Structures are given as structure tokens and as C-alpha cells.
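> coords please:
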Amino acid sequence: MKIQNSIPRVSVSGWFVFALVALLLSGCERAGSQPPNGMPPPEVSVVTIEPKNIPATFEYTGQTAGSREVEVRARVTGILLKRNYSEGGTVTQGQSLFTIDPALYNAAFKRSEADLGAVQARFQQSHREVLRLKPLFKAKAISQKEYDDAVSNEAIAAADVKAARARVTEARLNLEYTQVESPISGIAGRGLRSEGNYVTGPDVLLTTVTQIDPMYVLFGISDEERLKLHRESEAGRLILPKDGNFDVNVKLAEGGLYPKSGKMNFTGVRVSGTTGTSEARAELPNPNGLLRPGTFVRVILGGAQRPNAILVPQRAVLEGPQGKFVYIVNAENKAEARPVQLGDWQDDDWIITAGVNAGDKVIVDGVMKIGPGAPVRIADPNSAKAPPGKPGDKPPASKPATK
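Now for the predicted structure:
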């Protein structure tokens, strides 16, 4: 009787598959650690980190406002006779904008002048009486009471003269107030009361005048942004202008930059409970009236500086499961993934606050061809500047696009 072997018999084809799998497993390494089939390492472009001082700008949404905006109201009551300005036109300080019927105030002024003349005459009479009685009193020809009464009458008459003069001044002012004048120079608004209306003094708003040169720009700085700037300044990563005297430029609604620059001249202390921002204000010259009150603009604050800032092109910054990172070429000419912390944008670059140091070679182009630990070859930076070939030469093959 034959005893069969318990080990299963394997066919030739089965042994071949087994050997092939074992060969593949033994040759597998970490992804990207070695180019296959002895091919040269992929070529990448790098930038060498060189910290430098760069200007820092901050942008906010703002709204223009006149540097002075006043309400024009009458100081006296009466019938509005005439509007003396062109609505929407330029007016100067002291220019008459409205005329209120002056007849009653003119009569009151003349009456006060007449009253002043009467009390002045009484004062002169009492003064002469004192002069007449004074020598008689010294000669004891009259009593003490008679002389004292004359002196008192003179003092009362003098007081009456002062009161009458005050009434004359008041009447003159009321007469002058019938000409409602502009308190400032600027652009006058539309008239809110027409001729023939009864004006009850300061209770009625007649129009407004706005000074637009210089022009104010109001904007808000969030409390979070303020704290961030404070922390960066304390850490030495940001140098702010002295006393917060930022340079200010304005970007208009159509995208163009306003040609005149100004200065920031006010920062509020109180933070709004509604918006979470503190109010700030800038002043800009507006000689041609291009800026109009109420326009929404973008406010750009300049004058700050970031010392020894590290800049990396935006396309070099990648994102993985652990966050933002860049590839650098280490001393072994291999790609090393380096986690980074990002700051603000600067044109086409990211400002790196942590993770990259001076002298590091950050891979900019070719990152899609590599992985962590992959050998790389740094491209010659002068190769792109080679002179073009002669006419008739075969054009070079186009390179695949890389991120």
C-alpha cells in the first residue's frame, strides 16, 4: 500500500506567481523614496529663503464723510422771504443763504434806539443834578438825604442806559439774523423750506452745508484684528508707525486708486457692542471734489513694516491631513515635508511665521512629482534664460505643467 505525501503539489505556474509576488514585495519601498528602474531623480525648482524687511499694509471697508457737516437753522422767527443760493452749489462762510422778513425786527431795533436816547437824557439830567448839589452839600446848604437821593438817581439812570444799550444790541442781532448765513464754506444741500413758509427759529432745519476738502474716511477695526496687531508688535514681527500715524490710500468703487494720500487722525477707544469694531478715521485732501460724502471705499493703511519676514510663493504651500506644509530639499537632496504656520498675504507670497528658516530651499515647482523622502534634483535656475535656437532648429519639447 502507497502512502501519499501530505504536502499539496504545486504546479509550475503557481510557483511562478508566488515568486513574482515575493519579488514585488521585496522591492517595495516607501513611496517616492527611489526613482524606478534607475531613472534620475525628478527635477524641481526651489527658492532659497532669505528674510527681508517688507512693508505691511492693512485693508478695511470704509465710507467717506465731509470733514465738517453743519445744519443751517434760523435764529429768529418769521416768514421766509427768499433763498439766496443755488442748491448743490458751493457757498462760502458768511454767505447769506435765506432771508427772513426783517420788517418787525427793523422796527424793534429803531424802538430800542429811541429808548436808549431817552434813558441817556435822564442820565445826563441826573448827572447835572449831582454836580449842582455837590458844592451845596459841602457848604451844608442841603441835607445829607437830598444829596444821597441825587447820587442814587444818577446810578439808576446809568444802569438804565446799560440796559437800553443791551436791548439795542439784541435788536440789532435779531435784525442781522434775518439773513441766515452759512457757518462754513462747502457744498450746500437742497433747501428744506421754500419761500412763504413760517420759520419758528432753530426748531426748523433749512438746509445743510458740507465741507468736502479735506474729506474724512470712516472705517472700523475689529477687536480681533487689533489684538492680532498688538501681539505681532510685541513679538517683534511687526513695526507700527509712531503714534499710529498710518499712511492712508483709498481704493474707489470701480477699483482704481484715489490719487491723493492722507493720514490716519483718529482711533476710537470704545468697541461697538453691535459690530465688535472700534471706529477709526482718516483725512485726505479732496481739492477737485472727486470724493463725495457717503461713498463706500477700501481703506489701505501703510507705513508699518515686517522685519526679517520670510516669504514663500503661494503655489509652494500645500495642505495635508495635518495642515499646511511645504517641501524643502534637505542636506541629502531629498524632499522633506515641513509643517508651516502662515501669516498674511504679500502680493503672490505667503508670509511664513513658523516652520521655515533662513537658508532653507523650498520647492516651488515640481511638487506633484515627489513625496516625502523622495530624491530630487534641483533645476538649474539659468536654464530658463538660455538663448533661443537658430531659425530652423527643432523646438524643445514642452514640459508638463506642474503646481
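
> For the helix or strand hosting residue 117, buried residues please.
When elements are assigned from DSSP states H and E, residue 117 belongs to helix 103-138. Buried residues in helix 103-138, counted by 16 or more other C-beta atoms under 10 Å: 104-105, 108-109, 112, 115-116, 119-120, 122-123, 126, 129-130, 133, 137. Using the backbone N, CA and C atoms, a C-beta is placed for each residue, glycine as well.

> Please apply the same query to stretch 258-266.
For stretch 258-266, using 16+ other C-beta under 10 Å, the buried residues are 258, 260, 262, 264.

> picking that back up, now the helix or strand following the helix holding residue 117 against helix 103-138, angle please.
Toward the C-terminus, helix 103-138 is succeeded by helix 144-176 as the next helix or strand (DSSP H and E). Inter-element angle recorded for helix 144-176 and helix 103-138: 160 degrees (by axes from the mean of the first three to the mean of the last three C-alpha atoms, to 10 degrees).

> Give me the average confidence score over helix 144-176.
Throughout helix 144-176, pLDDT has a mean value of 96.

> continuing past it, what's the next helix or strand?
strand 179-181.

> Not counting that next one itself, show me its contacts.
Strand 179-181 is contacted from outside by 72-75, 93-100, 206, using C-beta atoms under 8 Å, 6 or more residues apart in numbering.

> wait, which of those residues is closest to residue 158?
Proximity of these to residue 158 (C-beta to C-beta) peaks at residue 75, which lies at 30.4 Å.

> Could you list the paired strands of whatever helix or strand residue 266 lives in along with their orientation?
Under the criterion of DSSP H and E, residue 266 resides in strand 262-271. Here strand 262-271 has these sheet partners by DSSP bridges: strand 247-251 (antiparallel), strand 277-284 (antiparallel).

> which outside residues touch the first one?
Under the contact criterion C-beta under 8 Å, 6+ apart, strand 247-251 has outside partners 59, 62, 217, 241, 257-258, 261-264, 282-284, 291, 297-303.

> repeat for stretch 92-107
72, 74, 76-85, 91, 171, 174-175, 177-185, 188, 191, 193, 199, 206-207.

> out of those, which are buried?
For these, buried by 16+ other C-beta under 10 Å: 72, 74, 76-78, 80, 83, 85, 91, 171, 174-175, 177-182, 184, 188, 191, 193, 199, 206-207.

> From the contacts of stretch 92-107, which land in strands?
72, 77-83, 91, 179-181, 188, 199, 206-207 (DSSP state E).

> And the furthest pair within the residues you listed?
77 and 91 (23.5 Å).

> which stretches of the stretch 301-403 of the chain form strands?
Here the stretch 301-403 of the chain has its strands, by DSSP state E, counting those that start in this stretch, at 318-320, 323-329, 335-339, 341-346, 349-354, 361-365, 377-378.

> between the ones you listed, which gets nearest to residue 149?
Short answer: strand 341-346, nearest of these by C-beta to C-beta, at 89.2 Å.

> chain center to that closest one, what's the gap?
21 Å (C-alpha atoms, centre = their mean, to the nearest Å).

> Name the residues of it that come out as buried.
In terms of neighbour count (16+ other C-beta under 10 Å), strand 341-346 has its buried residues at 342-344, 346.

> and residue 79, what are its bridge partners?
residue 198.

> Repeat that for the one 4 residues further on.
Listed by DSSP bridges, the beta-bridge partners for residue 83 are residue 98.

> Just to check, it is in contact with residue 197?
No. The pair residue 83 / residue 197 is not scored as a contact, 10.7 Å apart, by C-beta atoms under 8 Å.

> nearest spatial neighbour of residue 226, skipping sequence neighbours?
Closest residue in space to residue 226, ignoring its immediate chain neighbours: residue 278 at 6.8 Å, by C-beta to C-beta, 6 or more residues apart in numbering.

> how close does the nearest residue to residue 343 once chain neighbours are set aside sit to residue 155?
Distances taken as C-beta to C-beta, 6+ apart put residue 351 closest to residue 343, at 3.7 Å, once the chain neighbours are dropped. From residue 351 across to residue 155, the span is 83 Å (C-beta to C-beta, to the nearest Å).

> Looking at those two, which is more packed in?
When residue 351 and residue 155 are compared for neighbours, residue 351 comes out ahead with 18 against 12, by other C-beta atoms under 10 Å.

> Of the strands paired with strand 262-271, which is nearest residue 228?
Nearest to residue 228, of the strands paired with strand 262-271 and by C-beta to C-beta, is strand 277-284 at 13.5 Å.

> Can you point out the buried residues in that closest one?
Neighbour-count burial for strand 277-284 flags 277-284 (criterion: 16+ other C-beta under 10 Å).

> how about those residues in TSV, adding distance to residue 211 and pLDDT?
Listed next are the buried residues of strand 277-284 as TSV, based on distance: C-beta to C-beta, whole Å; pLDDT from 0 to 100:
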residue	distance to residue 211	pLDDT
277	26	93
278	25	93
279	20	94
280	20	95
281	15	96
282	16	96
283	12	96
284	13	96
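
> For residue 195, which three-state class applies?
Three-state assignment for residue 195 (DSSP: H, G, I helix; E, B strand; the rest coil): coil.

> Do you know the pLDDT at it?
Value listed for residue 195 in the pLDDT field: 94.

> Please list all residues in contact with the nearest residue in space to it that is not next to it in sequence.
Nearest non-adjacent residue to residue 195, counting by C-beta to C-beta, 6+ apart: residue 80, 5.6 Å away. By C-beta under 8 Å, 6+ apart, the residues touching residue 80 are 98-101, 193-199, 206.

> if you set the cut-off to 10 Å instead, what comes out?
Residue 80 sits next to 74, 98-101, 180, 191, 193-199, 204, 206 when contact means C-beta atoms under 10 Å, 6 or more residues apart in numbering.

> Domain parsing of this structure, as residue ranges.
36-49+317-384, 55-67+212-306, 102-177 (automatic domain parsing).

> so where is the chain shaky, pLDDT-wise?
1-38, 382-403 (pLDDT under 70).

> Name all residues that make contact with the residue nearest to residue 343.
54, 56, 237, 306, 309-312, 341-345.

> what are the bridge partners for it, then?
Applying DSSP bridges to residue 351 gives these bridge partners: residue 311.

> how close does it sit to residue 340?
Taking C-beta to C-beta, one finds residue 351 at 10 Å from residue 340.
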